[in-house]
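Visitor: no sequence on hand, only this structure:
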């Protein structure tokens, strides 16, 4: 069985540095993946800070070694 974190891209997670602070220790703790919502507008509210999932995944990739990374759709 595999385990991963699924993180939003808005609200307090709208800052890519915050996701890096979550992804690095997740990898160290043995989590196998980090997946980010691929949303343009967080929760339908354009006023909420939202960052691009692909840019954030690229930043996480530069700071991790083995953890799987990818987008996830919100359903």
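Guide: Yep, that arrived. Since the structure is predicted, the reported quantities are computational estimates derived from the model, not experimental observations.

Visitor: how far does the host helix or strand of residue 27 sit from the chain's center?
Guide: Element membership for residue 27 (DSSP states H and E) is helix 16-28. Put simply, helix 16-28 sits 8 Å off its chain's centre (Cα atoms, centre = their mean, to the nearest Å).

Visitor: could you point out which element follows it?
Guide: Reading on from helix 16-28 to the C-terminus, the next helix or strand found by DSSP H and E is strand 33-37.

Visitor: for the residue most central in space within the chain, which non-adjacent residue is spatially closest?
Guide: Among the residues of the chain, the one closest to the centroid is residue 36, at 3.7 Å (Cα atoms, centre = their mean). With sequence-adjacent residues excluded and distances taken as Cβ to Cβ, 6 or more residues apart in numbering, residue 36 is closest to residue 53, at 4.2 Å. Just so you know, the C-beta spots here come from the backbone N, C-alpha and C atoms, and that holds for glycine as well.

Visitor: measure stretch 3-10 end to end?
Guide: Distance across stretch 3-10, first residue to last, is 22 Å (Cα to Cα, to the nearest Å).

Visitor: could I get the buried residue list for stretch 7-19?
Guide: For stretch 7-19, a neighbour-count test (16 or more other Cβ atoms under 10 Å) marks 7, 8, 9, 10, 13, 14, 16, 19 as buried.

Visitor: any idea how many residues pack against the nearest residue to the second one once chain neighbours are set aside?
Guide: Counting by Cβ to Cβ, 6+ apart, residue 8 lies nearest to residue 37, which is 5.2 Å off, once chain neighbours are set aside. Here the count is done by other Cβ atoms under 10 Å, and residue 37 has 18 residues near it.
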